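Asker: Take this sequence and fold it.
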Amino acid sequence: MIATLADLPAVTAAERARILSAPRTEAAHRDLLADLPAMNAVQIGGDASLDILPDRLSVVAWNVERCLFPPESAAHIAPRAPQVVLLSEVDHGMARTGQRHTTAEMAQALGMVYAFGVEFHEMGLGGATERHFCDDDHNALGWHGNAILSAVPFERVTMIRLDDHGHWFAEGSVATDPDQPRVGGRMALAAVLPTVAGPVCVVSTHLESNARAAHRAAQFDRLMDAVDVFAPDMPMLIGGDLNTGNHMPPDYDWRRETLFDHARDRGYDWGFTPEGLTTRPSLITLHPARRMKLDWFCGRGLSRLDTALIPAITADDTPLSDHEAIWCAARIG
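Answerer: Model prediction:
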């Protein structure tokens, strides 16, 4: 059962000691995940600017790469007048982002409510380029996750865990990384929003980067199954960083991902995604090995009106993220 809370409980000293002493096994990770309250809750906050949405929606999806610059990031997408923003890689109480609640700051700047869920409890400060931004030697909370911002209050919100086996925790996993000790796994947030045409479900997700296509397809299948239960027969827009093409040598071609056809077979349309590659060098990812197309929308029960790529660089050439933002306008029905 996923709780909705005004504040997420911090990991206690005893819980931290348990994490550090736990065997690096899938079973131990599942026990830790189940026992940490914040990993099984969604934080709700902010103030809505509208009571109900029109039948035409403006939606941004953006992997903000920790969100080093919350006010600037909000201002960067504001010209598209989004009523919904789907975020991934947002920090809450992390030293590298000044211990800030980056989701709450973006929501406040945009006049929105927010739902924030924890993907990972981060035990460390991150890699070398991230530690460059740390003034503290600890994380106040260590939360890193996904979020949904909305101009209207949520009718319902849930978290969907896409794996619990400790892909970044268990020994022997391809993703275990001593520089990023963490508990958690990829997940999605889903929210039902009121519109004049009836309720619509929006989903913010982040699939696994350190895996091949079959792993991501299984995660997306799990996501589609879960949203069908959460919001049956409802118009649906899913957006986020799907990490398409990662760990798929030699060409890392996103077109070889099987999740696209899995979604099409269930009535989803990928045409809500703008053309173009969606990654760039940033202040954290200084020298990416290649440019990729990682970020996507797919919809069902909606009509596409327009799409655009929003380059993640300010007028003074400051990169806000290693991902471009993507935008779509859609009509319900």
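Asker: how about the strands in the stretch 201-333 of the chain?
Answerer: Using DSSP state E, counting those that start in this stretch, the strands of the stretch 201-333 of the chain run over 236-241, 295-300, 302-310, 325-332.
Asker: quick one: buried residues of stretch 17-29?
Answerer: By neighbour count with 16 or more other CB atoms under 10 Å, stretch 17-29 contains the buried residues 18-19, 22, 26, 28-29. Bear in mind the C-beta positions are built from the backbone N, C-alpha and C, glycine included.
Asker: need the next SSE after the helix or strand where residue 117 lies, C-terminal direction.
Answerer: In this assignment (DSSP states H and E), residue 117 forms part of strand 113-122. Next in sequence after strand 113-122, counting helices and strands by DSSP H and E, comes helix 128-131.
Asker: which residues are contacting the longest helix seen in the chain?
Answerer: Using DSSP state H, we find that the single longest helix of the chain is helix 213-230. Contacts made with helix 213-230 from outside it, assessed by CB atoms under 8 Å, 6 or more residues apart in numbering, are listed as 156, 158, 160, 162-163, 186, 188, 190, 192, 201, 203, 205, 207-208, 236, 238, 242-244, 248, 256-259, 262-263, 266, 268.
Asker: again with stretch 246-260
Answerer: 207, 209-214, 216-217, 219-221, 242, 244-245, 270, 290, 292-294.
Asker: Chain neighbours aside, what residue packs nearest to residue 10?
Answerer: residue 141 (5.6 Å; CB to CB, 6 or more residues apart in numbering).
Asker: what's the spacing between the residue minimising distance to the centre of the chain and residue 233?
Answerer: For the chain, the residue sitting closest to the mean C-alpha position, by CA atoms, centre = their mean, is residue 88 at 2.5 Å. Using CB to CB, to the nearest Å, residue 88 is found at 27 Å from residue 233.
Asker: Take the strands of the stretch 201-333 of the chain and write them to TSV, including mean pLDDT and distance to residue 281.
Answerer: Shown next, in TSV, are the strands of the stretch 201-333 of the chain (pLDDT from 0 to 100; distance: least, CB to CB, whole Å):
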stretch	mean pLDDT	distance to residue 281
strand 236-241	98	17
strand 295-300	98	16
strand 302-310	98	16
strand 325-332	98	16
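Asker: ok, residue 245 - contacts?
Answerer: Counted by CB under 8 Å, 6+ apart, residue 245 has contacts 252-254, 256-257, 292-294.
Asker: for the stretch 51-200 of the chain, which spans come out with low pLDDT?
Answerer: 174-181 (pLDDT under 70).
Asker: all strands in it, in order from the N-terminus.
Answerer: 56-66, 84-92, 113-122, 143-150, 156-161, 182-184, 187-193, 200-206.
Asker: Go through these and name the closest to residue 50.
Answerer: Counting by CB to CB, residue 50 lies closest to strand 143-150 out of those; the figure is 8.9 Å.
Asker: Neighbouring strands of the closest one in the sheet, and parallel or not?
Answerer: strand 84-92 (antiparallel), strand 113-122 (antiparallel) (DSSP bridges).
Asker: so the first one versus strand 295-300, what angle?
Answerer: Going by axes from the mean of the first three to the mean of the last three CA atoms, to 10 degrees, strand 84-92 is angled at 140 degrees with respect to strand 295-300.
Asker: So what's the gap between strand 84-92 and the chain middle?
Answerer: Relative to the chain's own centre, strand 84-92 is displaced by 5 Å; criterion: CA atoms, centre = their mean, to the nearest Å.
Asker: List the contacts of residue 139.
Answerer: 93-95, 99, 122-123, 125.
Asker: burial count for residue 307?
Answerer: For residue 307, the neighbour count with other CB atoms under 10 Å is 17.
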